[in-house]
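[1] Next comes the sequence, and after it the predicted model I'd like to discuss.
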Amino acid sequence: MNNGKMRVSFDLDEVLFVMPETHKTEPPLHFPFNKIYKERLRLGTPELIRKLQEMGYEVWVYTSSFRSEQYIRKLFRHYGVKFDGIVNGTRHLKEVQRDNKQILPQKLPNRYRISLHIDDETVVCTLGRQYGYNVFQLDAQDDDWKEKIIERAGEIRKREFGE
């Protein structure tokens, strides 16, 4: 498979990037980086990603946004986070939708051998059953979100990888 590591992916908008008015957030980056990267990270994001990687998971971003891979990598590098893979809107259209006549969902995590995708959109979560991918819905402020994701990832790893 993919070097035996289970892949977990995160959507960006309303999942990792949140509004300080509605969610607890990481401190903003220092000047001048806060002018380049205006997005605010959900509190605990860097900690959770590093923890998942320490536990042997590959951590990806799967977003329908068209932010460049370079922009996403550089932004998260300021928080000490390095992703194992990034799928943005451009890559998805090129590799998943391609020249299919039928319009495919905006995200198909299983095309990238992603075992668990975390998203805020109900439609993405609902389509998981139809298209055969595991999804965890996360949108509102939740102090226990990191523990819930680690637990869900563990359940899937046990089921799919027998660990």
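    Yep, that arrived.

[2] Pull the contacting residues for residue 143.
    Contact analysis of residue 143 by Cβ atoms under 8 Å, 6 or more residues apart in numbering lists residue 24. All C-beta spots, glycine's among them, are computed from the backbone N, C-alpha and C.

[3] What segments of this structure are helices?
    Remark: helices of the chain, listed N- to C-terminal, are 33-36, 45-54, 69-77, 89-92, 122-131, 145-161; assignment by DSSP state H.

[4] Check which helices and strands the fifth one sits against.
    Same thing as helix 122-131. In this structure, helix 122-131 makes packing contacts with strand 116-119, strand 135-137, judged by 3 or more Cβ pairs under 8 Å, 6 or more residues apart in numbering; DSSP states H and E.

[5] Can I get those strands in CSV including mean pLDDT?
    As requested, those are arranged in CSV below (pLDDT from 0 to 100):
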stretch, mean pLDDT
strand 116-119, 98
strand 135-137, 97
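
[6] Would you mind writing the CA trace of the helix or strand of the chain with the lowest mean pLDDT as CSV?
    Within the chain, no helix or strand scores below helix 122-131, which has a mean of 92 by mean pLDDT, DSSP states H and E. Output of helix 122-131 as CSV, limited to C-alpha atoms (Å, rounded to 0.1, in the frame of the first residue of the first chain):
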residue,chain,number,x,y,z
THR,A,122,-22.0,18.0,5.2
VAL,A,123,-22.0,17.1,1.5
VAL,A,124,-18.4,15.8,1.6
CYS,A,125,-19.3,13.9,4.8
THR,A,126,-22.5,12.5,3.3
LEU,A,127,-20.8,11.4,0.1
GLY,A,128,-18.3,9.3,2.1
ARG,A,129,-20.7,6.4,2.4
GLN,A,130,-21.6,6.5,-1.3
TYR,A,131,-18.0,6.8,-2.6
